Each structure stands twice: as C-alpha cells, then as structure tokens.
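S.K.: got a predicted structure plus its sequence, pasted below:
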Amino acid sequence: MINAIGVVEFTSIAKGIEASDIMAKTADVTLLVAKHLCPGKYMVLVSGDVSSVRQSINAGIELGAQHTVDHFVIPNVHPSILPAIGGGNDLTNVKAIGIIETYSVAASIEATDEAVKMAAVMPVRLHMAFGIGGKSYSIVTGEVAAVKAAVAAGSELAASKGMLVYSIVIPRPQQQVIDSFK
C-alpha cells in the first residue's frame with residue numbers, strides 16, 4: 001500500500017532526469033514515473049512514507065531551482081488516484097462527469113486527490129500532458145451533487161496555485177462521450 005506520493009514537474013528534460021536521480025538517492029522512495037511530457041517538460045512521481053517522499057521532493061525542487069514548474073506531496077493519497085493515472089477505473093453507471101483541466105500534471109493529480117477526498121466520486125481518467133500542450137485534466141464520476149462538490153474543491157485547489165484552466169460538471173453525459181474516455 002502506498003502511503004504518500006509526490007511529484008516535481010520540470011521545464012527541462014535534462015534537469016528532470018538529473019533530479020530523478022538525486023530524488024531516488026536522497027530518500028527511500030519508489031520512482032513510479034519519470035518521463036518527458038509535452039511540451040518538453042519532465043515529471044518525476046515518487047511514493048513511500050511521508051517523510052521520505054517530502055525529503056525526496058525537496059531535493060528535486062532544490063536541484064531543479066528555476067526549472068521547477070510545480071510540485072506537491074500528498075500524504076495518505078486516495079487509493080483511486082494511481083489507477084486513474086493509468087485509466088483503469090470503472091466507467092459503468094455514470095450519472096455525471098466532472099472535468100478539471102490544469103496547466104500542470106502536478107496540479108491535476110493534487111486537485112483530483114482533493115476532489116475524491118471531498119465527495120463520493122471516482123476518478124476515471126487522469127491525462128498527464130501527453131499530446132495536449134503540457135496541460136493535464138482529470139475526469140471524475142458519481143452522483144451530480146457529489147461531482148459538483150468534488151469539482152469545486154479540486155478546482156479551488158488548482159486555482160489557488162494559479163494552475164486552473166477550466167472545470168465543468170456534465171449531468172447525464174451521452175454514452176458516446178463516456179465511451180470516448182476508454
């Protein structure tokens with residue numbers, strides 16, 4: 001079971017690779033994702049106990065300096081977050097969908113975790129800046145009222161970081177729209 005996750009997102013691929021090495025060397029963390037993103041950014045996602053993740057993220061931020069776009073540490077990450085990154089959560093019986101679009105992957109993951117902790121929703125997709133100009137978005141589903149509360153909470157968090165592009169709640173989406181998320 002993963003207790004905490006942390007992300008640092010960089011404007012430089014080379015600096016991101018260098019930071020991923022120092023982040024892995026600094027603390028006892030597992031490197032879950034270390035990869036380039038559009039448009040030429042690099043993201044490092046680590047997991048472990050809270051103090052190790054904080055130590056690793058701080059090392060990445062320090063090394064990345066002016067190349068750091070965004071970052072976070074989420075203690076007690078919701079268990080539905082990592083499957084949503086892989087697009088592996090269930091899409092049956094969809095009553096409403098909520099979309100939170102952000103300027104960074106870190107803000108999107110953090111906003112989605114906030115959303116699922118705020119209301120009874122399930123993240124079904126967390127798209128991480130591949131082929132969409134460096135932006136990221138998440139899609140959550142549940143009852144309309146829950147989706148509204150979750151999207152509001154996640155949007156507020158992203159907006160407080162200056163990373164919110166747009167958010168919306170769609171009650172009773174057409175099946176063709178739901179199928180397009182698969």
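M.R.: Nice, thanks for sending it over.
S.K.: what about the residue nearest to the spatial centre of the chain, distance to K25?
M.R.: Most central in the chain under CA atoms, centre = their mean is I109, positioned 1.5 Å from the mean C-alpha point. Look at I109 and K25: by CB to CB, to the nearest Å, they are 23 Å apart. Where you see a C-beta, it was placed from the backbone N, CA and C, and this is true even at glycine.
S.K.: circling back to that earlier point, and what about the residue nearest to the centre of the chain, helix, strand or coil?
M.R.: Following DSSP: H, G, I helix; E, B strand; the rest coil, I109 is assigned to helix.
S.K.: residues contacting it?
M.R.: By CB atoms under 8 Å, 6 or more residues apart in numbering, the contact list for I109 reads I5, V7, L45, F72, I74, I81, I85, L126, S136, S138.
S.K.: then G64?
M.R.: So G64 contacts V8, F10, S12, K15, G16, A19 (CB under 8 Å, 6+ apart).
S.K.: list the buried residues for the worst-scoring helix or strand of the chain on mean pLDDT?
M.R.: Here the helix or strand of the chain ranked lowest by mean pLDDT, DSSP states H and E is helix 81-85, holding a mean of 81. Neighbour-count burial for helix 81-85 flags I81, L82, A84, I85 (criterion: 16 or more other CB atoms under 10 Å).
S.K.: I'd like the distance between the first one and Q174.
M.R.: Read it as I81. On the measure of CB to CB, I81 and Q174 end up 27 Å apart.
S.K.: part of a strand, is L31?
M.R.: Yes - secondary structure of L31 (three-state DSSP): part of a strand.
S.K.: tell me what it is bridged to.
M.R.: V46 (DSSP bridges).
S.K.: distance between stretch 154-170 and the chain's centre?
M.R.: Averaged C-alpha coordinates place stretch 154-170 at 12 Å from its chain's average position (CA atoms, centre = their mean, to the nearest Å).
S.K.: does V165 touch S104 like I think?
M.R.: No - checked against CB atoms under 8 Å, the pair V165 and S104 is beyond contact range at 10.0 Å.
S.K.: tell me which of those two has more neighbours.
M.R.: S104 (26 against 17; other CB atoms under 10 Å).
S.K.: return the residues in contact with E156.
M.R.: Going by CB under 8 Å, 6+ apart, the list of residues near E156 is empty.
S.K.: A helix includes it, no?
M.R.: Yes - looking at E156 with three-state DSSP, it is inside a helix.
S.K.: distance of it from E110?
M.R.: Taken as CB to CB, the span from E156 to E110 is 11 Å.
S.K.: re the thing from before, got TSV for the buried residues of helix 81-85, with distance to I132 too?
M.R.: Listed next are the buried residues of helix 81-85 as TSV, based on distance: CB to CB, whole Å:
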residue	distance to I132
I81	19
L82	20
A84	16
I85	15
